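**Student:** Turn this into a structure:
(one chain, ligands or ions: 1)
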Amino acid sequence: MEIVNSRRHSYPISIVVFSVMTLIFAGCSTDSAEPGNNTGNGSNTQPAFDSGQINQSGSFSYTFEEVGTVEYYCSIHSPDMQGQVTVSSDAEVSERDTVLMENTQFNPAQITVAPSTEVVWINRDSFTHTVTQGNPSSGGNGGGGY
Ligand SMILES: [Cu+2]
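**Tutor:** Numbers count the residues shown, from 1 in each chain. Down below sits the predicted model:
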């Protein structure tokens with residue numbers, strides 16, 4: 001009887017360990033489920049974003065955490081519709097910055113923000129746009145954008 005009891009005592013320990021592991025995994029999946037936070041591939045510090053289709057009066061927002069320059073474009077109207085966000089610690093700190101999508105242009109096409117600034121794109125056109133990270137001509141050598 002005592003032997004059976006001591007074996008039973010080992011079960012709660014493994015249950016506790018399993019519960020802790022479950023909590024750790026649950027915490028991870030909660031973090032990565034944040035909107036706008038796509039797959040975190042280890043090579044890029046800045047996770048890629050893609051708004052998908054934004055209809056008239058629709059909007060999309062993304063918070064830029066890392067210092068650097070991020071290019072983006074509209075996958076429907078590229079290469080005419082491109083923009084750039086520069087994240088600099090010298091920039092004036094602001095909670096939020098806004099870029100309009102109007103006349104098939106990002107306006108302003110280039111903004112500079114401080115780290116952890118949320119950028120909101122608003123579609124003022126009567127047709128659909130996207131905000132897609134990258135450059136429509138990526139695959140080129142990246143020299144001279146004009
Ligand atoms: Cu567009």
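**Student:** For stretch 87-102, measure first residue to last.
**Tutor:** Terminal residues of stretch 87-102 are spaced 23 Å apart (CA to CA, to the nearest Å).
**Student:** Would you mind pulling the contact partners of it?
**Tutor:** With contact meaning CB atoms under 8 Å, 6 or more residues apart in numbering, stretch 87-102 is reached by 54, 64-70, 74, 81, 83, 106-108, 111-115, 117-125, 129, 131. (Glycine included, C-beta is placed from N, CA and C.)
**Student:** Flag every buried residue along it.
**Tutor:** For stretch 87-102, the neighbour count (16 or more other CB atoms under 10 Å) marks 87, 91, 97, 99, 100, 101 as buried.
**Student:** That one near the ion anywhere?
**Tutor:** No: Stretch 87-102 stays out of contact with the ion when judged by CB under 5 Å from the ion, the minimum separation being 6.6 Å.
**Student:** Give me the mean pLDDT for that stretch.
**Tutor:** Stretch 87-102 comes out with an average pLDDT of 96.
**Student:** Just the ones in strands from the buried residues of stretch 87-102, please.
**Tutor:** Using DSSP state E, the subset of the buried residues of stretch 87-102 located in strands is 87, 97, 99, 100, 101.
**Student:** ok, residue 134 - how many residues close by?
**Tutor:** A total of 16 residues lie near residue 134 under the criterion other CB atoms under 10 Å.
**Student:** cool, residue 56 as well?
**Tutor:** Residues within reach of residue 56, counting by other CB under 10 Å, total 12.
**Student:** Report the contact partners of it.
**Tutor:** 123, 124, 125, 126, 127, 128.
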